[in-house]
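Asks: Starting from these lines, generate the structure:
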Amino acid sequence: MSVLTRLDSYQRRRPWLGKAIAVGYKFADDRSSYLAALIAYYGFLSLFPMLLLLVTALGFALHGDPHLQQQVLHSALRQFPVIGDQLGQNIRSFHGSGVALAVGIGGSLYGALGVASAIQNAFNTIWAVPQHRRPTALAARLRGLLLLAILATGIVLSSGLAALTASAHAWGTSLDLGVRAAAVPVSVAVDAGLLLLTFKVLTDRHLRVRLLWPEALGGALVWQVLLAVSTYYIGHQLRGATATYGLFGIVLGLLAWIYLGAVTLVVCAQSAAVRSRQLWPRSVAASFTDDAELTSADRRAYASYAAAAAYKPYEEISVEFHQSPARAGDSDARPDPDVRPDPGARPLPEARPLPEARPLPEARPLPEARPGDRAATPATPTGPSAPPRG
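Replies: Modelled structure (predicted):
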């Protein structure tokens, strides 16, 4: 028994390992790294206009209370640990500007709509939604506005929670510890709710909330870990760095932070799709050799990839799985019960037997030579005779 066969049988007997391997297989099949990169690109593009919009809106709304402005701003910037401290140190005052507000709104809308389109494309690819069922350009933009509203709500709730934690620090040590202990689960619950809403709004398939909450909760916990790691990165790695090194460190750290968040979102969607659609266990040996037997989860996954390519509702796509040449010549190979014959395929005509060969007629014997008959002489070519020799 080979190593691949042992690993395959081991992961099929353990659901937790089989699901993890199936999520990894589907992540590679859907090319999810590119989907996450597209989400990260639009997220990075929309981040600075959104911060500009936030600062300008605070300048208009809280013009008469500078202390409250600073408190709310620092609470909101804590959601962006890579650049939040830098922005908080360089912003001295708030002055509402109409030009800045227009630029912030335009940039935020463009970036948020791009993020929404990238997330919709990723979710529909992960859940194998056919092309003709995916939203049009206008519907995708409208859903992008809804996603922007969801994200804005999340930022407001998180900022209010951070402001409450900062206020509790000034009231006393015991109250500060209690509020900080309660702030972590509340933040996780808010992030999990936002992730559930994102799954439901941006996926063109009916999804049940009870099948999505484990991935939403896991994604919220990973997000809190990313916030803690990024805060440590800023506090220990970039403290005291030169201006040039600090600039590159901030930009690269911000890109890495956004990309890891996008990968977390995509992996959570992949896990929910694998678990709810029973796309496990997958065959480990099938990725390394062509004569390995596919599981029923492999067939469902590959059939869903083909069905997702339907661009018209009247387009029918059928998938068949045949034995590989190596297994077809094996006399011990069993017929696969999961492979169903194509109902539209015509059977091959039966081979007709060849007609029996007729025997050749017996050869007649030659007549016996009679005495007095001349012997047959070979025919000589006609023509003038040779002249006699002298």
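Asks: How confident was the prediction at V82?
Replies: As predicted, V82 sits at a pLDDT of 51.
Asks: Then I39?
Replies: On the pLDDT scale, I39 is placed at 93.
Asks: Could you measure from it over to V129?
Replies: 17 Å (C-beta to C-beta, to the nearest Å). All C-beta spots, glycine's among them, are computed from the backbone N, C-alpha and C.
Asks: do Y34 as well
Replies: 18 Å.
Asks: the more surrounded of these two?
Replies: Taking other C-beta atoms under 10 Å, Y34 and V129 do not tie; V129 has more neighbours (20 against 10).
Asks: Just give the nearest non-adjacent residue to that one, would you?
Replies: D204 (4.9 Å; C-beta to C-beta, 6 or more residues apart in numbering).
Asks: Contact partners for that neighbour?
Replies: Taking C-beta atoms under 8 Å, 6 or more residues apart in numbering, we find D204 in contact with 120, 124, 129, 133-135.
Asks: could you redo the last one with a cut-off of 10 Å?
Replies: 120, 123-124, 127, 129-130, 133-135, 139-140, 143 (C-beta atoms under 10 Å, 6 or more residues apart in numbering).
Asks: What is the nearest of these to S108?
Replies: R143 (15.9 Å; C-beta to C-beta).
Asks: For burial, what's the neighbour tally of the closest one?
Replies: Quick note: R143 (other C-beta under 10 Å) scores 19 neighbours.
Asks: Is H206 in a helix, a strand, or coil?
Replies: Assigned by DSSP: H, G, I helix; E, B strand; the rest coil, the conformation of H206 is coil.
Asks: where does the stretch 51-200 of the chain dip in pLDDT?
Replies: Scanning the stretch 51-200 of the chain for pLDDT under 70 picks out 52-98, 100-101, 104, 155-156, 158-181.
Asks: switch to 90 and redo it
Replies: 51-116, 135-191, 194, 197 (pLDDT under 90).
Asks: give the contact list for L255.
Replies: Neighbours of L255 in contact, by C-beta under 10 Å, 6+ apart: 40-41, 43-44, 82.
Asks: Quick check, pLDDT for it.
Replies: pLDDT, L255: 86.
Asks: Identify each buried residue in the helix or strand where it lies, please.
Replies: Here L255, judged by DSSP states H and E, is contained in helix 243-276. By 16 or more other C-beta atoms under 10 Å, the buried positions in helix 243-276 come out as 246, 249-250, 253-254, 257-275.
Asks: Please apply the same query to stretch 290-298.
Replies: 292, 294-295, 297-298.
Asks: Output stretch 300-307 as CSV - backbone C-alpha positions only.
Replies: Only the C-alpha atoms of stretch 300-307 are listed here, as CSV (Å, rounded to 0.1, in the frame of the first residue of the first chain):
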residue,chain,number,x,y,z
ARG,A,300,-20.1,16.6,-7.4
ALA,A,301,-17.4,19.2,-7.3
TYR,A,302,-16.3,18.8,-10.9
ALA,A,303,-19.9,18.7,-12.1
SER,A,304,-20.6,21.9,-10.3
TYR,A,305,-17.6,23.6,-12.0
ALA,A,306,-19.0,22.7,-15.4
ALA,A,307,-22.6,23.7,-14.5
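Asks: So for that stretch, what gets flagged as buried?
Replies: For stretch 300-307, by 16+ other C-beta under 10 Å, it's 300-301, 303-304, 307.
Asks: How about stretch 8-22?
Replies: 8, 11-12, 18-19, 21-22.
Asks: Out of those residues, which comes closest to L221?
Replies: Nearest member of the buried residues of stretch 8-22 to L221, counting by C-beta to C-beta, is K19, at 17.7 Å.
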